[in-house]
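**Student:** Quick one, fold the following:
(chains A, B and C)
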Amino acid sequence: MSIGQTIGANLPALQVVTPLLAAPLVLLLRSPRLAYAVTLAASFASLAIAIALWQQVATMGPISYAMGSWPPPWGIEYRVDRLSAFVLLLVSLMAAVVVPYSRTSIAREIPADSHTLYYVMFLLCLAGLLGITITGDAFNIFVFLEVSSLSTYVLIAFGRDRRALVASYQYLIMGSIGATFIVIGIGLLYLMTGTLNLVDMAGRLAAGGTSRPVLAALAFLTVGISLKLALFPLHQWLPNAYTHAPSAVTAFLAATATKVSVYVLIRFYFTVFGESLVFHKLPLPQIMLWLSLLAMFAANAVAISQNNLKRLFAYSSVAQIGYITLGLSFDSVNGLTASIVHLFNHGLAKGAIFLLIGGLVIGIAKPGAVPPAPTFDRLAGLARRMPLTSFGIVLGGLSLIGVPGTAGFITKWYLILAAMESGQWWLVAAILLSSLLAVAYVWRFVEVAYFRAPPAGQEERCEAPLTMLIPAWLLLAATFWFGLDTSLTVGTATEIAQQLVRGQ
Amino acid sequence: MKMQMVPRVIAKLLIPFILLFALYVQFHGDFGPGGGFQAGVILAAAVIFYGLIYGLPLARRAVPDSLLEVLIAAGVLIYGGVGVIGMLLGGNFLDYFVLDSDPVHGQHRGIFWVEVGVAVTVSSVMLKIFYMFADRANLEDEDVTDETGGGT
Amino acid sequence: MSGFGSHFSYAVTVFLMIAGLFIVMARGNLIKKLVGLSVFQTSVYLLYIAPGKLIGGTAPIVASGYQIYSNPLPHVLILTAIVVGVATLALGLALAVRIREAYGTIEEDEILERDVAS
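**Tutor:** Numbering: from 1, shown residues only, chains lettered A, B, ... in the order given. Alright, predicted model coming up:
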């Protein structure tokens, strides 16, 4: 077999193996310059593989790949369907955008002797996230979850502020509890079904009916995954972690980590347990609906009163996750479409905003100094000093609000459709009201950046370097592109939603 | 510990046997309980024991940090390399069946190298963790005196 | 065996689980929290391994004269979980050491106080 055929036949494995093996290679190379080159190559390779998988799935249907040629359900199966291909695309796209950006960013934010370690951890995190998405084996999900989580803790601890250490520690405790809950849930399912393969498990659960351990497994999995995806009120780790992590890390995590957790939740709810158990026999939709509403209002309200721009958008992330889970709670095609589209749309917009904030802190830093926290008193008159960055943050904010023409609008549109379908008109009002709260916090930035004079002696332009602006503006362009042309995002999401909701 | 005769002598007697036991656990993993992880931990324990009794500098001289960093990466690459070779020989990733013309022998060969990779990485990671914490302990001893002593 | 006897391993599992979680939540000392977390994770090891053992079952190596085998898969899974647990603990302790260096304390309330003060 030629090399090309070999690669073509092993794409699902290579998707994970490329970043996973690039990590030790980077560690061996040591030199930060080579490390950067290898990381860049690996992240672009995984983007290429994700695109190739996407196309294969679109034309030929789900791909099943047997690790070590042990056929499923005995061996570990990698399974790519439309949904996982979609999430793979998001994760590897964000990695390919963040890696070129992070070289300039970490040069200022992370001590030089840790640069190689940063790339190693980044690659491991990427491999973990891709692995969670692609695997069809329940225990494998846990293993990759921990690979990505452990590397995330290290990445967060790279922050220069000592509070980054505490944030990382808190996330470690919360994250480990969440992961242990997940593994308890998986263990109970394994005890009841005798299999770890998700598809096999679903078949046996459907045949075996629901027993109490299965319900307990559902409960453990729901709580554990909710901790990981920062569902209100289990979001306590998120604001600190996002605020104190280095900018590139924040952007990557905000765009991918919680989204992959949402994917796991959808996978377990719709593929393994099946709709009827989760949504019809238990009061789970109601609980999720109320928690989502709380997230949308409480987190947005808290965001308005924040003094640190990064923390403001971190709370906004908690609120945006509320929209995703709100879509899940409807148990309808439109609701699920909104959730899946929002994974992508919010990832783009929030990724762009955090990337721009990374440029912003470098712009306002004294030459050679460690970038300061982006508190509002430092941002006065920013629009005159960094016009591109400021304008970009405002544009990203528009997508968070859901202004027509942005990707965020598409999500809200489908959420409102789903709410009207279910006859809950008050929900339509609630969604619109929570968007008003988003207007308030974006306006706070506009007010400070555009309508206040810069402090005396700091009027000169200090735009962020191009290597940081270009990735961020690429994501912004995508935000607007997917706000106008929705065939890729909504088209796929609707198809996935129809399969998931009606497939059972 | 430098003045304690008994632990030093016992350590010298025991360490070769610990190393030998690690090798036994490693290579007997096919037929009985054992394998790369357990062997790696035992291997690291032998060096940690040496470090505890004879002091960190001597342990560092026997197994330097730079070597550990290479070994950590090398172990993972050995493991992954087995998988990649399986792929190049026409199988799936981590396919041991294709490693030899006889599939059963191929399985033996595959698991042997994978376990070697695991042992290398596990032992060096364990040792690295020990070194890092031991280093910090030395720093702590110096600045603890001017504080309240750590507890509350 | 019936009643409590046959569920003994589950009782221990649940006890360890709750004890571990309680330590994580109730203690303010960063090291003690990690100890609690380890206890919590240990309960999962038991949850997996105990049901894998069949009373009267032998090691899962095919041989004549034996019909009942214990399930080896939970051991493999839990070996992985133990490795994860070790890594988490090591990372947690490393963070605790660095927090101690940065703050001069490993008590959660004192760390919060010092953050507010600075």
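
**Student:** Can you give me the neighbour number for residue B:10?
**Tutor:** 13 (other C-beta atoms under 10 Å in any protein chain shown). (Glycine included, C-beta is placed from N, CA and C.)

**Student:** can you check the one 5 residues further on too?
**Tutor:** Number of residues near residue B:15 (other C-beta under 10 Å) recorded here: 17.

**Student:** what helices or strands is the helix or strand hosting it leaning on?
**Tutor:** In this assignment (DSSP states H and E), residue B:15 forms part of helix B:5-27. Under the contact criterion of 3 or more C-beta pairs under 8 Å, 6 or more residues apart in numbering or on different chains; DSSP states H and E, helix B:5-27 touches helix B:36-54, helix B:103-144.

**Student:** residues of that helix that come out buried?
**Tutor:** B:11, B:15, B:18, B:21, B:22, B:25, B:26, B:27 (16 or more other C-beta atoms under 10 Å in any protein chain shown).

**Student:** Adding pLDDT, write those residues out as TSV.
**Tutor:** TSV is the format used below for the buried residues of helix B:5-27 (pLDDT from 0 to 100):
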residue	pLDDT
B:11	90
B:15	94
B:18	95
B:21	94
B:22	93
B:25	91
B:26	91
B:27	89
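
**Student:** Can you say which two of those residues are spatially most distant?
**Tutor:** Within the buried residues of helix B:5-27, two members stand farthest from each other by C-beta to C-beta: B:11 and B:27, at 24.6 Å.

**Student:** can you pull the contacts of residue A:309?
**Tutor:** Counting by C-beta atoms under 8 Å, 6 or more residues apart in numbering or on different chains, residue A:309 touches A:357, A:360, A:374, A:375, A:376, A:379, A:445.

**Student:** One more pass at 6 Å, please.
**Tutor:** A:357, A:374 (C-beta atoms under 6 Å, 6 or more residues apart in numbering or on different chains).

**Student:** From chain C, how far out is it?
**Tutor:** Separation of residue A:309 from chain C (C-beta to the nearest C-beta, to the nearest Å): 19 Å.

**Student:** do residue A:86 as well
**Tutor:** From residue A:86 over to chain C the distance is 28 Å, taken as C-beta to the nearest C-beta.

**Student:** tell me the mean pLDDT over the helix or strand where that residue lies?
**Tutor:** Using DSSP H and E, residue A:86 sits within helix A:82-109. Averaging pLDDT along helix A:82-109 gives 91.

**Student:** follow-up on the earlier one: can you tell me which of the helices and strands packed on helix B:5-27 is packed in deepest?
**Tutor:** Among the helices and strands packed on helix B:5-27, the stretch with the highest mean neighbour count (mean count of other C-beta atoms under 10 Å in any protein chain shown) is helix B:36-54, at a mean of 21.

**Student:** Mind jotting down where the strands sit in chain A?
**Tutor:** Using DSSP state E, the strands of chain A run over A:63-66, A:77-80.

**Student:** what about the closest residue to residue A:10 other than its chain neighbours, how many neighbours?
**Tutor:** Closest residue to residue A:10 apart from its sequence neighbours, by C-beta to C-beta, 6 or more residues apart in numbering or on different chains: residue B:87 at 5.2 Å. Residue B:87: 22 surrounding residues under other C-beta under 10 Å.

**Student:** Spit out the contact partners of residue B:87.
**Tutor:** So residue B:87 contacts A:6, A:10, B:93 (C-beta under 6 Å, 6+ apart).

**Student:** now do residue A:235
**Tutor:** Under the criterion of C-beta under 6 Å, 6+ apart, the neighbours of residue A:235 are residue A:318.
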